[in-house]
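**Q** Need a 3D model of the following:
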Amino acid sequence: MCHYCGCRDIPLIREYVAEHESVTDLGGGAVRALGRGDHGAARDLVRRMAVELRAHWQGEEAGLFAQMHEDEEYAAYIDALVREHRELEAFLAALDLADPAQRAALVRAVEELHHHIAKEEDGLFPASLTALRGDQWDRAMAAWGAVRRG
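**A** Numbers count the residues shown, from 1 in each chain. You can find the predicted model right below:
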């Protein structure tokens, strides 16, 4: 993520970034576990990553994404990000680490997750600073909070 635009000063963005760091740590741990041949540890880390991603996506999509999607300038960009969420969710749900091809696919998926996050942190999040009004930030934060409270 860039460190010059100030979006990390927005509490909601700061939370999203922390969630990104957590899931990429889990994904990296799973890849390292595979490298050691520890499929059980990798499976546990992938399961935890999938749980965290689902919660993160719900908050992101109900919060910031929903507010920015109101602007047609960002709608297609956000639609593509949501598609990537669903694709990774389906991949993780069907993942079989006993299959060498799927283990290799997991490594690629973790790499792709980093690229996906960059689209958010280096593109959408900085754009949100000028795109959203105060009331939209309030709605985005309220939606994220509602998801967190379950």
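**Q** Give the next helix or strand downstream of the lengthiest helix in the chain.
**A** If you go by DSSP state H, the chain has its longest helix at helix 11-36. Per DSSP states H and E, the first helix or strand lying C-terminal to helix 11-36 is helix 39-60.
**Q** Could you export the helix or strand following that following helix as PDB, CA atoms only?
**A** Next helix or strand after helix 39-60 toward the C-terminus (DSSP H and E): helix 66-69. Extracted as PDB, the C-alpha positions of helix 66-69 are listed here (Å, rounded to 0.1, in the frame of the first residue of the first chain):
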ATOM      1  CA  ALA A  66     -21.200  -0.600  -1.600                       C
ATOM      2  CA  GLN A  67     -20.600   3.100  -1.100                       C
ATOM      3  CA  MET A  68     -18.100   3.500  -4.000                       C
ATOM      4  CA  HIS A  69     -20.200   1.300  -6.300                       C
END
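**Q** circling back: counting by contacts, list what the longest helix of the chain packs against.
**A** In terms of contacts (3 or more CB pairs under 8 Å, 6 or more residues apart in numbering; DSSP states H and E), helix 11-36 is packed against helix 39-60, helix 100-119, helix 125-131, helix 134-149. C-beta: built from backbone N, CA, C; applies to glycine.
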